[in-house]
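> model this:
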Amino acid sequence: MNSLGIGVIGCGRIAQSHLKSVDAHKHARAVAVVDVIPERAEETAKRFQIPKVCRSLDELLSLPEVDAVIVCTPPAAHTAPTLAALSAGKHVLCEKPFALDVGEAEQMTEAAEKAGRWLSVCSARARCGAAARKARELILDGAIGTPYHIRSTAFRQRGRPGIDFWQDATWFQDKSQAGGGALMDLGVYQIDLMLWLLGNPKVKSVLATTFQGVGAPPPPGVRQDVEDHVTAMMVLDNGASAVLEQGWSTNMAGADSLMVWGSKAGLRFRPLTMISEPMVDGHLTETRLLDVDDHDSTGHGDVTTAFINAVIEGREPLTPAREALQITKVIDAIYRSAASGTAVAP
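Numbering: from 1, shown residues only. Modelled structure (predicted):
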């Protein structure tokens, strides 16, 4: 395949980001869009000079020039268009989170494998930066010895979509539409990244808590039934452990970090630094590993570009369906553990 014709399903904010990447790619082109709000599809097509505005999903999927689709709908509307696209023989890049529940994720994964088409999920965004790629290379090459612990901590102070910003996107606060709060919106990236850095081990058990109630209450007419904060401790099948701390409304500053502990060396991100012997004046040596920002994706591209390149080259894209299914099982276990107050298995 020398080029890729792309259809976009859903023309909200995230679709605009995807389309910028498609527009910049030499071997891809956006050929059609569809949205439940026709005016939004029209505006998007005009902005990116997309030739076809479809009135239905079926119309878009019937177009022979559409080789792949990007599903940019809210989480509750991921499964139906993804299944339809796979059935129509299209490759799919699906926005995160993959699914509202494990059953949906299993259904989509099985459909992709049956259709023989690639299904990739956008929780892979965190894999695209220079630091993530370099760290994975070092870990898998044994440069830090045996990795035995990884921790991701990331806190927004007042960053609830639909309340603190993007006031028109209140679906983020509705569990039936979003599936959850800070975990589904942000923590999914970090779970994807942590497991990928360690070579995608299986998660054996999860112990978690969630909390909701930080910041101003939702405005009239908006109901928040999703979490502001999640903490999860995971035990992996290779004997290592992982900790996630994620919040989108917190009273904290300066705590964000991503760290990997190994038997020979450790890695600390922002900027990517190796901590290892020799000891100097009672402290281990710290070596900065990159001359660019951790998130720099030069020569690799963002999640959209990476998907396009993989499909054109006929290789597995980042966060393929099977890996996204495992992440969905971990998220499900986190919520079940938080509800029960006990450790559970994914």
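> what's around the spatially closest residue to L183 that is not a sequence neighbour, how many residues?
Leaving aside its sequence neighbours, L183 sits nearest to V230 (CB to CB, 6 or more residues apart in numbering; 4.4 Å). (Glycine included, C-beta is placed from N, CA and C.) The number of residues packed near V230 is 25, by other CB atoms under 10 Å.
> V230: what secondary structure?
strand (DSSP: H, G, I helix; E, B strand; the rest coil).
> how does this protein divide into domains?
4-124, 126-296+320-340 (automatic domain parsing).
> Identify, out of these, the most deeply packed stretch.
Mean neighbours per residue, mean count of other CB atoms under 10 Å, is largest over the domains of the chain for domain 4-124, with a mean of 20.
> quick one: average pLDDT of that domain?
For domain 4-124, mean pLDDT is 98.
> Quick one: distance of it to the chain centre.
16 Å (CA atoms, centre = their mean, to the nearest Å).
> likewise stretch 174-182?
15 Å.
> Can you check the distance spanned by it, start to finish?
For stretch 174-182, the first-to-last residue distance is 12 Å (CA to CA, to the nearest Å).
> contacts for that stretch?
Under the contact criterion CB atoms under 8 Å, 6 or more residues apart in numbering, stretch 174-182 has outside partners 74-76, 97, 99-101, 160, 171-173, 184-185, 210, 212, 223-230, 246-249, 331, 335.
> related to what we said a few turns ago, just tell me which of the domains of the chain ends up closest to P346.
Proximity to P346 (CB to CB) singles out domain 126-296+320-340 among the domains of the chain, at 4.0 Å.
> Give the residue farthest from the middle of this protein.
In the chain, counting by CA atoms, centre = their mean, D281 sits farthest out from the average C-alpha position, at 41.3 Å.
> residue ranges of the strands in the stretch 201-346 of the chain, please?
With DSSP state E, counting those that start in this stretch, the ranges of strands along the stretch 201-346 of the chain come out as 203-211, 229-236, 241-247, 257-262, 265-268, 273-280, 283-288.
> can you give me the angle the last one makes with strand 273-280?
Just to be clear, that refers to strand 283-288. Between strand 283-288 and strand 273-280, the angle comes out at 140 degrees (axes from the mean of the first three to the mean of the last three CA atoms, to 10 degrees).
> And the contacts of strand 283-288?
Strand 283-288 has contacts (CB under 8 Å, 6+ apart) with P271, L272, T273, M274, I275, S276, E277, P278, M279.
> What separation is there between G180 and D332?
For G180, the distance to D332 equals 10 Å [CB to CB, to the nearest Å].
> out of the strands of the stretch 201-346 of the chain, nearest to Q16?
Comparing the strands of the stretch 201-346 of the chain against Q16 with CB to CB, the closest turns out to be strand 241-247 (25.2 Å).
> Can you give the strand pairings for the closest one, parallel or anti for each?
Sheet pairing of strand 241-247 (DSSP bridges) gives strand 147-155 (parallel), strand 229-236 (antiparallel).
> what sits against the closest residue to A240 other than its chain neighbours?
Nearest residue to A240 in three dimensions, chain neighbours excluded: Y148, at 5.0 Å (CB to CB, 6+ apart). Neighbouring residues of Y148 by CB under 8 Å, 6+ apart: G239, A240, S241, W261, G262, S263.
> can you map out the helices along the stretch 101-250 of the chain?
For the stretch 101-250 of the chain, the helices defined by DSSP state H, counting those that start in this stretch occupy 102-115, 130-140, 175-178, 182, 188-197.
> who does the longest one touch, helix- and strand-wise?
For helix 102-115, the contact count by 3 or more CB pairs under 8 Å, 6 or more residues apart in numbering; DSSP states H and E identifies helix 79-87, strand 119-121, helix 321-340 as packing neighbours.
> Residues in contact with that helix: which ones?
Residues from elsewhere that reach helix 102-115 (CB under 8 Å, 6+ apart): 78-79, 82-83, 86-87, 89, 92, 94, 98-99, 118-119, 321-322, 324-325, 328-329, 332.
> Give me the most central residue, this protein.
Nearest to the mean C-alpha position of the chain, counting by CA atoms, centre = their mean, stands S123 at 1.3 Å.
> could the helices and strands packed on helix 102-115 go into a markdown table alongside distance to R40?
Putting the helices and strands packed on helix 102-115 into a markdown table (distance: least, CB to CB, whole Å) gives the following:
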| stretch | distance to R40 |
| --- | --- |
| helix 79-87 | 16 |
| strand 119-121 | 23 |
| helix 321-340 | 27 |
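> For G301, which of those is the nearest?
Ranking the helices and strands packed on helix 102-115 by proximity to G301 (CB to CB) places strand 119-121 first, at 13.2 Å.
> what about stretch 119-131, start to end distance?
25 Å.
> same question, stretch 70-78
10 Å.
> what sits up against that stretch?
Contacts with stretch 70-78, where a contact means CB under 8 Å, 6+ apart, come from 6-12, 14-15, 18, 22, 81-82, 85, 92-95, 97-100, 104, 108, 171, 176-179, 184, 304.
> List the ones among the residues you listed that fall in strands.
Counting by DSSP state E, these place I6, G7, V8, I9, V92, L93, C94 in strands.
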